[in-house]
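**Student:** Need a 3D model of the sequence below.
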Amino acid sequence: MKQSLFETRHQPQWQDFSDRLDALERGKAARQPGETFASDYRRICHQLALAQERGYSSHLIDALHQLAMRGHQQLYRHRSAIGAQFLSFILGGFPRLVRAEWRLVLVASLLFFGSLIGMGLLVYFFPDLIYSIVSPKQVSDMESMYDPAARRIGQAFERESSDDWVMFGYYIMNNIGIAFQTYASGLLFGLGSLFFLLFNGLMIGAVAGHLTEIGFGQTFWSFVVGHGAFELTAIALAGAAGLKLGLALLAPGRLTRAEALRLAAQASVRLIGGVILFLLIAAFIEAYWSSMTWPAPTLKYGVGLALWALVIAYLTLAGRTSHVPD
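**Tutor:** Numbering: from 1, shown residues only. The predicted structure is shown next:
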């Protein structure tokens, strides 16, 4: 193709791309270039490569190269900004948000951990109580999963180490499903979140009390102590996020319920973002560490206590001195 025809065909695209770059550089465009900008940038790069390959004039090649350089700068500057915002949220924004919502977090934690501990103690001292909470088949499945004779703990079937990534995916889907259920049900004026916090606490507590009472306590506790720091905390935080939605509906103040819910959703969705991160970490630990039988129980307890301390320190201390916007 002759250079003149090439220029005539693509000149409108180059001019449009240049105008968009001018707007971005002056700060008069959207904060993020978007997917169409990325595709246009790739087209400019392709056209630059064609011009170089065909030996077009240096005037055209220099102009296209300038457009490509400016596009590269805008595209990756915004991508870096997104990464910085994400990192800022992880390092400080999320724990600051948890502390800002400490009242709801406290209520959710008392409901969840209180019901868990209370039911665990009741089932331990009154063993038959387990069957009023958990079906006999579920009890049998739990016993087989945490039998000290099992080669790998915490599952109802045998698997090879190469299948750990499959279980990793299963744990992610299962945990996120529980968290989302606890969160989204807060739209039922908070009653759904209250129910699932109590339900999950009672179920986990009943299983823990039963397994401890029949002598499977060491295998059970050494399994859950590691990933439990992230997983159980995430469930409580998901409940707090759901309660925030319910509170906005119950007590919108001078706002309409729709406006109060919209404002509550902005904060609660960010809270759920941190919950998902916790659940990803929990799933990784559960798949690749918790189910292993070769570490001594004392080692697992030590690692578990360290992870609990890490979670508590992160949520209470992280982000206190940072003033970077979330």
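
**Student:** now the helices for the stretch 1-150 of the chain?
**Tutor:** 3-26, 35-54, 58-88, 94-100, 102-125, 136-145 (DSSP state H, counting those that start in this stretch).

**Student:** just so I know, which of the ones you listed lies nearest Ala309?
**Tutor:** helix 94-100 (14.6 Å; Cβ to Cβ). The way it works is simple: take the backbone N, C-alpha and C, and place the C-beta from them, glycine included.

**Student:** Which elements pack onto that closest one?
**Tutor:** helix 257-285, helix 297-317 (3 or more Cβ pairs under 8 Å, 6 or more residues apart in numbering; DSSP states H and E).

**Student:** any idea which of the ones you listed is most buried?
**Tutor:** helix 257-285 (a mean of 18; mean count of other Cβ atoms under 10 Å).

**Student:** that older thread, weakest of the helices and strands packed on helix 94-100 in terms of mean pLDDT?
**Tutor:** The minimum mean pLDDT among these belongs to helix 257-285 (a mean of 91).

**Student:** Okay, angle between that one and helix 102-125 too, please.
**Tutor:** Per axes from the mean of the first three to the mean of the last three Cα atoms, to 10 degrees, the angle that helix 257-285 makes with helix 102-125 is 50 degrees.

**Student:** chain center to helix 257-285, what's the gap?
**Tutor:** Centre-to-centre, helix 257-285 and its host chain are 8 Å apart (Cα atoms, centre = their mean, to the nearest Å).

**Student:** got the angle between it and helix 58-88?
**Tutor:** Going by the same axes, to 10 degrees, helix 257-285 makes 90 degrees with helix 58-88.

**Student:** okay, the angle between helix 257-285 and helix 297-317?
**Tutor:** Using the same axes, to 10 degrees: helix 257-285 against helix 297-317 is 150 degrees.

**Student:** In terms of secondary structure, what does helix 257-285 contact?
**Tutor:** Going by 3+ Cβ pairs under 8 Å, 6+ apart, helix 257-285 lies up against helix 94-100, helix 164-184, helix 217-250.

**Student:** Please identify which of the ones you listed is closest to Trp294.
**Tutor:** Short answer: helix 217-250, nearest of the helices and strands packed on helix 257-285 by Cβ to Cβ, at 11.7 Å.

**Student:** and the helix or strand bottoming out on mean pLDDT in the chain, how far from the chain's centre?
**Tutor:** Among the helical and strand segments of the chain, the one scoring lowest on mean pLDDT, DSSP states H and E is helix 58-88, with a mean of 76. How far helix 58-88 lies from its chain's middle: 29 Å, per Cα atoms, centre = their mean.

**Student:** Next: stretch 9-21.
**Tutor:** 40 Å.

**Student:** contacting residues around that stretch?
**Tutor:** The set of residues external to stretch 9-21 that reach it, using Cβ atoms under 8 Å, 6 or more residues apart in numbering, is 29, 33, 37, 40-41, 43-44, 47, 63-64, 67, 70-71, 74.

**Student:** quick one: average pLDDT of that stretch?
**Tutor:** 88.

**Student:** And Arg254, its phi and psi?
**Tutor:** Note on Arg254: its backbone torsions stand at phi -80, psi 0 [degrees, to the nearest 10].

**Student:** Can you tell me the number of residues neighbouring it?
**Tutor:** 6 (other Cβ atoms under 10 Å).

**Student:** if we can go back for a sec, distance to Val303 and mean neighbour count added to the helices of the stretch 1-150 of the chain, as CSV?
**Tutor:** Converted to CSV, the helices of the stretch 1-150 of the chain look like this (distance: least, Cβ to Cβ, whole Å; neighbours: other Cβ atoms under 10 Å):
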stretch, distance to Val303, mean neighbour count
helix 3-26, 48, 14
helix 35-54, 43, 15
helix 58-88, 26, 15
helix 94-100, 22, 19
helix 102-125, 21, 19
helix 136-145, 21, 14
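
**Student:** Need the ones you listed in a markdown table (columns: distance to Tyr288).
**Tutor:** A markdown table is the format used below for those (distance: least, Cβ to Cβ, whole Å):
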| stretch | distance to Tyr288 |
| --- | --- |
| helix 3-26 | 43 |
| helix 35-54 | 35 |
| helix 58-88 | 24 |
| helix 94-100 | 24 |
| helix 102-125 | 25 |
| helix 136-145 | 18 |
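
**Student:** Out of the ones you listed, flag the one nearest Leu315.
**Tutor:** Set against Leu315 and scored by Cβ to Cβ, the helices of the stretch 1-150 of the chain come closest in helix 94-100, at 5.0 Å.

**Student:** coming back round to it: who wins for proximity to Ala287 among the helices of the stretch 1-150 of the chain?
**Tutor:** Among the helices of the stretch 1-150 of the chain, helix 136-145 comes nearest to Ala287, with 14.7 Å by Cβ to Cβ.
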